[in-house]
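**Q** Here is my input; please provide its structure:
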Amino acid sequence: MWGQMVGANGFVQLHGGVEVPLDRERAGVEGFLRTAIGYTFAQDRGFGRAWSPMAEVLVAKPEGEPTEWDVVPQLQVSLSKLQHVLLSVGVRVPLNARDTRKPDVLTYVLWDWFDGGLFQFWK
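**A** Purely as a prediction, here's the structure:
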């Protein structure tokens, strides 16, 4: 993993790895690289809700299969004023092999519990 700020509020992130299944009969080894670029807009001089539109490019190489390319436009927004609870929603759009791979809606919730309770600092 690697991340870099770009200017005051922009960012670039890279995440690469190899997935090795425990049961090689059911799935093969897969290498992947994910990169995201985005920009964060924060309300209340940086102490309020933060909005981070971004675009992510995903590349996966399953063992014995062609390389898969996808793009994920997404938006991450802080649900709490302290910005310790985040929600992200995006759509994974295949760039190749569209006859066998369809778009997917992706979402996640992140909670940095060290900074506060799940329902603290929402106003």
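
**Q** Compute the number of surrounding residues for residue 98.
**A** 10 (other CB atoms under 10 Å). Every C-beta, even on glycine, is put in place using the N, C-alpha and C of the backbone.

**Q** Now do the SS call for it.
**A** Here residue 98 takes the coil state, with states given by DSSP: H, G, I helix; E, B strand; the rest coil.

**Q** cool, the one 3 residues further on as well?
**A** Counting by three-state DSSP, the backbone at residue 101 sits in coil.

**Q** Also residue 114?
**A** helix.

**Q** Equivalent analysis for residue 27, please.
**A** Here residue 27 is recorded as coil under three-state DSSP.

**Q** quick one: it and residue 21 touch, right?
**A** Yes. In terms of CB atoms under 8 Å, residue 27 counts as a neighbour of residue 21; the distance is 4.3 Å.

**Q** Now for these two: what residues contact both?
**A** Shared contacts of residue 27 and residue 21, defined by CB atoms under 8 Å, 6 or more residues apart in numbering, are absent.

**Q** Moving C-terminal from the lowest-mean-pLDDT helix or strand in the chain, which element do we reach first?
**A** Scoring the helices and strands of the chain by mean pLDDT, DSSP states H and E places strand 41-42 at the bottom, with a mean of 90. Sequence-wise, the next helix or strand downstream of strand 41-42 (DSSP states H and E) is strand 50-62.
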